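Enquirer: I'd like to go over a predicted model; first the sequence, then the structure.
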Amino acid sequence: MQEAIEKNLNEILSKLENSEAKLIAVTKTHPIEKLQTLYDLGFKIFGENRVQELTEKQEKLPKDIEWHLIGTLQRNKTKYIAPFVSMIHSVENFKLLKEIDKRAKQNERVIECLLQMHIAEEDTKFGLDEKELYEILENEELKTFENIKLVGLMGMATFTENESQVRSEFKKLKMLFDKVKTNFKTENINFREISMGMSGDYPIAIEEGATLVRVGSAIFGKR
């Protein structure tokens, strides 16, 4: 197992070498043993989709792991991850942002957040449209949030073999990111991260400007 994981990890890291992108190892449904193996190889940036799985794994694994929540977050579950989560990729409404700020304050922390955009042609994907994005960024109340930082955007491309479609969706996210980065900069808005690209399409995402790629099965093998 260790040999396979090490080989996969090195292969992915070599593709990231000449880019700005950082790897997040997606741990969804993978057992603790595999995660520990990756940690023992010196890798410490993990991403999880579900709050319950995230809290269970965080309890059992070393405490210097940088945890990212990359899946949907319900407001009432924010309190469980606020004490330790490094970044939340999936913020898609203002009420959730307000809750994250409240829970981060209770834990005397500042939590970095990404706004999740709907860039795919599939209805099954979640996220904001451009109008909703601007409504959040222009909300006066946002200025009062001292325990969150909006640091970028996240998006998921359509699940398709059509590479040109995937590329155009990533381009759309990058253009939006550039626009916001130029027009919005405050105490708690400072865009630097574009989280896009998964096991099947991360090489395209890197070419289109991703700074964070979320890769699971290409590291750990099939679930």
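Expert: Yep, it's here. Note that the coordinates shown come from a computational prediction; the quantities given were computed from them, not determined experimentally.

Enquirer: who does Ile88 form a beta bridge with?
Expert: Beta-bridge pairing for Ile88 (DSSP bridges): Leu69, Cys113.

Enquirer: might one say that it is in contact with Arg103?
Expert: No. Counting by C-beta atoms under 8 Å, Ile88 does not reach Arg103; the two are 10.6 Å apart. Placement of C-beta: from N, CA and C, glycine included.

Enquirer: more neighbours: those two, which one.
Expert: Ile88 (26 against 22; other C-beta atoms under 10 Å).

Enquirer: show me the contacts for the more buried one.
Expert: Neighbouring residues of Ile88 by C-beta atoms under 8 Å, 6 or more residues apart in numbering: His68, Leu69, Leu73, Ile81, Ile100, Ile111, Glu112, Cys113, Leu114.

Enquirer: for Leu176, same thing?
Expert: Met117, Glu130, Leu133, Leu153.

Enquirer: against Asn188, how distant is the second one?
Expert: As for Glu130, its distance to Asn188 is 21 Å (criterion: C-beta to C-beta, to the nearest Å).

Enquirer: for Lys105, pull up the helix or strand it's in.
Expert: Using DSSP states H and E, Lys105 falls within helix 94-106.

Enquirer: ok so Glu132 is a strand residue?
Expert: No. Applying DSSP: H, G, I helix; E, B strand; the rest coil, one finds Glu132 to be helix, outside a strand.

Enquirer: contact partners for it?
Expert: Asn93.

Enquirer: could you measure from it over to Gln106?
Expert: For Glu132 relative to Gln106 (C-beta to C-beta), the value is 27 Å.

Enquirer: picking up where we left off before, who has more neighbours out of Glu130 and Asn188?
Expert: Using other C-beta under 10 Å as the criterion, Glu130 and Asn188 rank with Asn188 on top: 19 against 13.

Enquirer: was I right to think that one contacts Glu141?
Expert: No. Checked against C-beta under 8 Å, the pair Asn188 and Glu141 is beyond contact range at 11.4 Å.

Enquirer: Three-state assignment for Gly42, please.
Expert: coil.

Enquirer: from Asn10, how far off is it?
Expert: In terms of C-beta to C-beta, Gly42 sits 11 Å off from Asn10.

Enquirer: which of these two has more residues huddled nearby?
Expert: Asn10 (11 against 7).

Enquirer: list the buried residues for the helix ranked longest in the chain?
Expert: For the chain, the longest helix by residue count, based on DSSP state H, is helix 163-183. Using 16 or more other C-beta atoms under 10 Å as the test for burial, helix 163-183 gives Val166, Arg167, Glu169, Phe170, Lys172, Leu173, Lys174, Leu176, Phe177, Val180, Lys181.
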